[in-house]
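1. Requesting a structural model of the entry that follows:
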Amino acid sequence: MSRLLCTLLLSLLALHASAQSFTASVDRTRLNAGESVELTLESNDPTLFGKPDLLPLNDLFEVLGTRQVNRLTSGSNGAQASTRWIVTLQPKHSGYVVIPPLSLGTLQSEPITLHIQQGSNADDNRLAPVFIDANLDQESVYVQAQTVLTLRIYHSVSLYDDSSLTQLDMPQARVESLGEPRTYEKDINGVRHGVIELHYAIFPQESGELLIPAQTFTATAVDRSSGTAYNPFGPRPGKVVRVKSPEIPLTVKAKPASYPADAPWLPARSVTLNEVWNPQPDSTRVGDSLTRSLLIKAEGLASAQLPPLPATQVSGLRRYPDQPQLANQVGENGLIGSREEREALVANREGLLVLPAVEVLWWNTRTDQLERSSLPARDLQVASNPNLETLPSEAERVEPVAAPGVPLWPWQLSTALLSLTTLLGFVLWWRARRQPAVMPSQQSGPSPRNLLDDLKRSCLANDSQTTRHALDAWARQQPETLAEMAARFTPLSDALDGLNGALYSESGQHWQGRNLWLAIRSLPAVEDQESTANQDSSALPPLYPR
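-> Predicted coordinates for the structure are as follows:
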């Protein structure tokens, strides 16, 4: 018993230790000399008291401010408390500077490396209280390729929260905002400035010279010279400031002549192509459903620019595609667009099925050359499924061959007897067709009415699996097969196609069974069609027309 208690105590201590964490993160890892960076320290252990030890930062950084934020979040594991310390730092040196590990009790954070670039002296001459700096990451791009516009608003005076920036409107290009604005501080010529930084991804749609228009920033600067007390319900004491960003020319190059004319134009920094299978296609059988996901991801392109991937067209393989999933992600160099296409694949015959290779052509804007991203061809070895009833193929129907030395007259006699019995059976069947119909005996098991009620309930409940079982049970008590009924009634055929597509695709949970029930209820009887045909054929003109 004592050994069990010790084991439980050690497990609880290990679980508590694994639940504790003390992490460190920054809002950016690249900055210019004189700019500030925000360091976020977070702990999820409510039993730890006190503050992190910030003394290791004094050698390389100047601590401009610290604030603490307590959070309480609720999830599947219940309420969880966490504490954040947000520290504003200004590096004292340029180059690569490492934020050392910081301690909170017995926990310690991981080090973080920052790259501080030496700023130019062009900022020293700009001593206005508010000014804008705008630049592009490249001066020349291909048509429909991405260029990133960075807009920085510097202010050495305090501003009210009524600031506004005009919208970047360019009819010859498509503009995407890259995340929320970032704010930090920068020391310019001994004067501390607040910085508001914004990024835009610009995709020119026409080749030639393109002019990035100026943007106007308007704000109210706080006037501290007047001794008037601030009234929250009256006019704000201050001065309205309005500044414009410079106009920037951009050279847009046309698509290269060496690019294939039949391929979609994809100018990007990198393009990757991946596939995921669920389950793995190593051992699949006839009738099993495989889900194949193809993901194309391009750095420097939006998801709307990515073309559809080629469909899987293989004989012996049925395909049920889903709607493509598009997503955009903001990275350090702009947009990263992705397109995911899922399809359910069902093999209807056994043997070797070869899926063709998937290839995407694109233009590498870094190396300025044509690139290819591809997935190799894949072999699917499909095994037979004993749960499915399959008819023997022609190759399996081998005629019996008499062994050497065995007389043939027994086989000839059995063949003659078989022919005579077949002829006799045909005569009896022909004679029975002319006899009056006999009422069939009552069947055992569920009545047709109960089976029809079960089919109605499963259709109206939009349950594709239960509907399939109820439909098969109802069809077995009908004078026709389900295929014959669908062949003579088009609404039933369309409804069955929708049910089969829902059973083999991931969109089956959205299947609506009302159309199938309406088709079953409106199915005309065989006797009605035969009587209508007989009436049409027997309709003769009168013998003595008037």
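2. Could you use CA atoms for every contact and neighbour count after this?
-> Noted.
3. how near is L211 to Q477?
-> Applying CA to CA, to the nearest Å, the value for L211 to Q477 is 76 Å.
4. doesn't T467 fall inside a helix?
-> Yes: using DSSP: H, G, I helix; E, B strand; the rest coil, the secondary structure at T467 is a helix.
5. element containing the nearest residue to it once chain neighbours are set aside?
-> Spatial nearest neighbour of T467, excluding adjacent residues (CA to CA, 6 or more residues apart in numbering): S458 at 5.1 Å. S458 is part of helix 448-460, with elements assigned from DSSP states H and E.
6. Kindly spell out which helices and strands sit in contact with that helix.
-> Judged by 3 or more CA pairs under 8 Å, 6 or more residues apart in numbering; DSSP states H and E, the packing partners of helix 448-460 are helix 464-475, helix 514-521.
7. Output the ones you listed in a markdown table; the columns should cover mean pLDDT and distance to K92.
-> Formatted as a markdown table, those follow (pLDDT from 0 to 100; distance: least, CA to CA, whole Å):
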| stretch | mean pLDDT | distance to K92 |
| --- | --- | --- |
| helix 464-475 | 84 | 67 |
| helix 514-521 | 84 | 71 |
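8. can you redo the ones you listed as TSV with distance to N32 and mean neighbour count?
-> Shown next, in TSV, are the helices and strands packed on helix 448-460 (distance: least, CA to CA, whole Å; neighbours: other CA atoms under 10 Å):
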stretch	distance to N32	mean neighbour count
helix 464-475	61	18
helix 514-521	64	18
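9. Ramachandran coordinates for T422?
-> With angles defined as degrees, to the nearest 10, T422 sits at phi -60, psi -40.
10. For the spatially most central residue of the chain, which non-adjacent residue is spatially closest?
-> Centroid-nearest residue in the chain: Q325, 3.8 Å away (criterion: CA atoms, centre = their mean). Distances taken as CA to CA, 6+ apart place E340 nearest to Q325, at 5.0 Å, with adjacent residues excluded.
11. what number of residues lie near the residue nearest to T467?
-> Residues near S458, counting by other CA atoms under 10 Å, number 21.
12. Low-confidence regions, this protein specifically.
-> Scanning the chain for pLDDT under 70 picks out 1-20, 47-49, 73-79, 119-127, 224-237, 389-406, 435-445, 505-509, 527-546.
13. Show me how this structure divides into domains.
-> Listed by automatic domain parsing, the domain ranges of the chain are 20-117, 121-224+236-253, 267-383, 448-523.
14. Could you export those as CSV, including distance to T415?
-> Below are those laid out as CSV (distance: least, CA to CA, whole Å):
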stretch, distance to T415
domain 20-117, 75
domain 121-224+236-253, 78
domain 267-383, 34
domain 448-523, 33
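15. So what does P410 look like in phi/psi?
-> The phi/psi pair for P410 (degrees, to the nearest 10) reads phi -60, psi -40.
16. same deal with A344?
-> phi -100, psi 130.
17. In space, what's closest to it - neighbours in sequence excluded?
-> Excluding its sequence neighbours, the residue lying closest to A344 (CA to CA, 6+ apart) is T291, at 4.5 Å.
18. that older thread, quick one: the residue nearest to the centre of the chain and E343 touch, right?
-> No: with contact defined as CA atoms under 8 Å, Q325 does not count as touching E343 (12.0 Å).
19. Give me the sheet partners of the helix or strand the residue nearest to Q325 falls within and which way each runs.
-> Here E340 sits within strand 334-347, counting by DSSP H and E. Partners of strand 334-347 in the sheet, by DSSP bridges, are strand 289-299 (antiparallel), strand 317-321 (antiparallel), strand 325-331 (antiparallel).
20. between those, which gets nearest to A486?
-> A486 lies closest to strand 317-321 among these, at 20.1 Å (CA to CA).
21. Would you map the strands across the stretch 251-400 of the chain?
-> 267-268, 270-278, 284-285, 289-299, 317-321, 325-331, 334-347, 351-355, 358-364, 369-375, 378-383 (DSSP state E, counting those that start in this stretch).
22. Contacts only, for R319.
-> Neighbouring residues of R319 by CA atoms under 8 Å, 6 or more residues apart in numbering: T312, Q313, E343, A344, L345, V346.
23. and those residues as CSV, adding neighbour count and distance to L496?
-> Putting the contacts of R319 into CSV (neighbours: other CA atoms under 10 Å; distance: CA to CA, whole Å) gives the following:
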residue, neighbour count, distance to L496
T312, 18, 23
Q313, 11, 23
E343, 23, 20
A344, 22, 18
L345, 21, 18
V346, 21, 17
